[in-house]
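Colleague: following is a predicted model, sequence given first.
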Amino acid sequence: MAGIRVLLGKCTGCGLCVTSCPFQCITLVNDKAVIGEDCRLCGVCVEGCPTRAIEVEREERRVDLSEYRGVLVFGEQRRGIVSPVVYELIGKGRELADKLGENLNCVILGGDLKAQAADLATYGVDRVYLFNSPLLADFRDDPYTQILTSLVREIKPRIFLIGATSIGRSLAPRIATKLRTGLTADCTGLDVDSEGNLIQTRPAFGGNVMATILCPNHRPQMATVRYKVMRKAERNPQRVGQVIIRGVEDKILDRTRIKRVLTETEEVSITEAQIIVSGGKGLGNPEGFKLLKELAEALGGAVGASRLVVDEGWIPYRHQVGLSGKTVRPKLYIACGISGAVQHLAGMQTSDVIVAINKDPSAPIFKVADYGIVGDLYEVVPEIIKLVKKLGDRL
Amino acid sequence: MRIIVCIKQVPGTTEVQIDPETGTLRREGIEAIINPLDMHAIEEGLRLKEKYGGKVSALSMGPPQAEKALREALALGCDEAFLLSDEAFAGADTLATAYTLACGISRIGPYDLVLCGLKTTDGDTAQVGPGLAEELDIPHMSYVRRIVDVDGGSIAVERSIEDSYEEVEATLPCLLTVTKEINVPRLPSFRRKMEARRMPVTVWSAQDCGGERSRSGLEGSPTRVVKVSPPPPRPGGEILMGDPKSQAEVLIQRLRERRIL
């Protein structure tokens, strides 16, 4: 395998690397470690080797990183409404900027956003860069990429955070490619080390593992961040930032055109709901969601679902909770007939309180549940509905 | 229409287990498949060809065994297949992958449309498609659930954007990343499967692809995975005993104590 080598003189054949390799690609041949072709050069074996017998050969590019300072947050908006993930990015961005002793700035692009920019400046942001132009009212990748790339080249942020929304996931890779810097998708954890490196954590392999990712030699360090994972920023009237209005050229590259907006769903989105009642294969059939809907309505919540039942077509995709669906963080999550595959757990385990109802006492969902009920959901849920309704009558 | 579909070979399941003792992934006996969303990209490419004529080329970057995935693409009806395979490509992150694919596409020749699955089941980043479009300096549209029309020099699609949809149009050439709503992929016919066995899969090395060596593989990758660890555990909970009625009663009591209700 190129890029990594075993120093045969140092390797004692202890086999620790064989068990530590997350990709299971190290074998012992004649008591020496041999690294297979599946190696992803993650370096886990290098750290774990007691005799320092494994080396990753990296030719690091030295770039002057010292010019890059501060944290920049992309202030995504749709139809003049700032996306809720932006307040979470500001909350996290402020924490990182304070740790670094640097500024937190935000950039917002749109048709007429003076009021929104002034409002964002009250959330503990040092500067809000505002690009106002009718050309920018609706999100299109080309003009947004061009403007954000030039701003980054000018103000040189150390860290650039973007929400992992459909807009952010489309836009961020274009900007990172243009800047030739690193981008980590869907982060659930962010911190900085003493050298100002952004320590990025994200679920990998369907949530089976958490990967820690660095971008040591390139700036800015870019990350998209999952919604409903970081704590929201609070308004801080003592510390109001400056709004800097920037001009927008009339002639700007734009190869896409929005012809029309098709539908806007009326239901409460599961990412916004405070209470979620979710169903999985244990419902037995699509009709089971009627019962869950009744409970959700009684509680004033929304209905969620596991990937299995969405794939079966029992309920539309927008209800899907999990890595391949939405991450949710409600006050109360009630999982009914959901076994709890890791990819589902990764999307809901930061909920404040988790209740699991399942026939199988060994279902993994019980490992994350605050309250577990082993039983038939068709017997238990109606009892809960009765009590919730009684409670509602009394209030 | 000249269409290039980018595909990736991935492990056949993401429901892998962690060995509680060693903390490593159990990956034994998992077969490699075409990334499921890429199957939808292939299908859409074939449908466009059936409607407008032209040619569909399948392209992948990966180890030599990824040839199997490309042969499956041929069996489904793709006209030709290219594998970018070289030790110099190993350890690529999304930036380096997009660069190498862009080199491969330039080598294939002129095209109207590049199709990709929205994301892969193993990397799960959704970053390679848009990054590739930027490398190729063409527009892209993500989360495409339907192609509305292809007309002269432009293509109109429906894309999902948060909880709604938009009809968007872009000039050709263009790149689309597609969701599973776009179509139901076909199965390969027996005859086509037999034909695909004899069709060539062109393998290109780093030298064949051209481009700057320092921009592919590990060297061209700004990001580094420095640690892989199991997800943090959540503290254990309480199992509520009794018949359904008393279970429900205790639950409501607990939720009221915690001021959830």
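Modeller: Everything's here; your move.

Colleague: can we go C-alpha only for contacts and neighbour counts from here?
Modeller: Will do.

Colleague: can you tell me which residues in the stretch 51-200 of chain B are near chain A?
Modeller: Taking Cα under 8 Å from any Cα of the partner chain as the contact definition, the stretch 51-200 of chain B meets chain A at B:87-88, B:90-91, B:95, B:121-128, B:130-131, B:133-135, B:139-143, B:160-171.

Colleague: which of those fall in helices?
Modeller: B:95, B:128, B:130, B:131, B:133, B:134, B:135 (DSSP state H).

Colleague: OK, contacts around residue A:263?
Modeller: B:164, B:165, B:166 (Cα atoms under 8 Å, 6 or more residues apart in numbering or on different chains).

Colleague: how about the residues you listed in CSV, adding neighbour count and pLDDT?
Modeller: Below are the contacts of residue A:263 laid out as CSV (neighbours: other Cα atoms under 10 Å in any protein chain shown; pLDDT from 0 to 100):
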residue, neighbour count, pLDDT
B:164, 14, 83
B:165, 19, 89
B:166, 18, 93
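
Colleague: of the residues you listed, which is the nearest to residue A:93?
Modeller: When the contacts of residue A:263 are ranked by distance to residue A:93 (Cα to Cα), residue B:164 comes first, at 28.4 Å.

Colleague: let me know the average pLDDT across the biggest strand by length in chain B.
Modeller: Longest strand in chain B by number of residues (criterion: DSSP state E): strand B:140-151. Strand B:140-151 shows a mean pLDDT of 96.

Colleague: likewise for stretch B:198-209?
Modeller: 95.

Colleague: can you give me how far the longest strand of chain B is from the chain middle?
Modeller: Centre-to-centre, strand B:140-151 and its host chain are 17 Å apart (Cα atoms, centre = their mean, to the nearest Å).

Colleague: direction included, what does it pair against?
Modeller: strand B:154-161 (antiparallel), strand B:174-178 (parallel) (DSSP bridges).

Colleague: turn those strands into JSON lines, columns for mean neighbour count and distance to residue A:143.
Modeller: Formatted as JSON lines, the strands paired with strand B:140-151 follow (neighbours: other Cα atoms under 10 Å in any protein chain shown; distance: least, Cα to Cα, whole Å):
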{"stretch": "strand B:154-161", "mean neighbour count": "21", "distance to residue A:143": "18"}
{"stretch": "strand B:174-178", "mean neighbour count": "26", "distance to residue A:143": "16"}
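
Colleague: re earlier: can you pull out the residues in contact with the longest strand of chain B?
Modeller: A:141, A:166, A:170, B:118, B:130, B:133, B:155-161, B:168, B:170, B:174-182.

Colleague: what's the next secondary structure element after the longest helix along chain B?
Modeller: Determined from DSSP H, the single longest helix within chain B is helix B:36-52. Per DSSP states H and E, the first helix or strand lying C-terminal to helix B:36-52 is strand B:55-61.

Colleague: that following strand to helix B:36-52, inter-axis angle?
Modeller: Relative orientation of strand B:55-61 versus helix B:36-52 (axes from the mean of the first three to the mean of the last three Cα atoms, to 10 degrees): 160 degrees.

Colleague: determine the number of other residues adjacent to residue A:238.
Modeller: If you count neighbours by other Cα atoms under 10 Å in any protein chain shown, residue A:238 ends up with 9.

Colleague: so for stretch B:108-117, mean pLDDT?
Modeller: 96.
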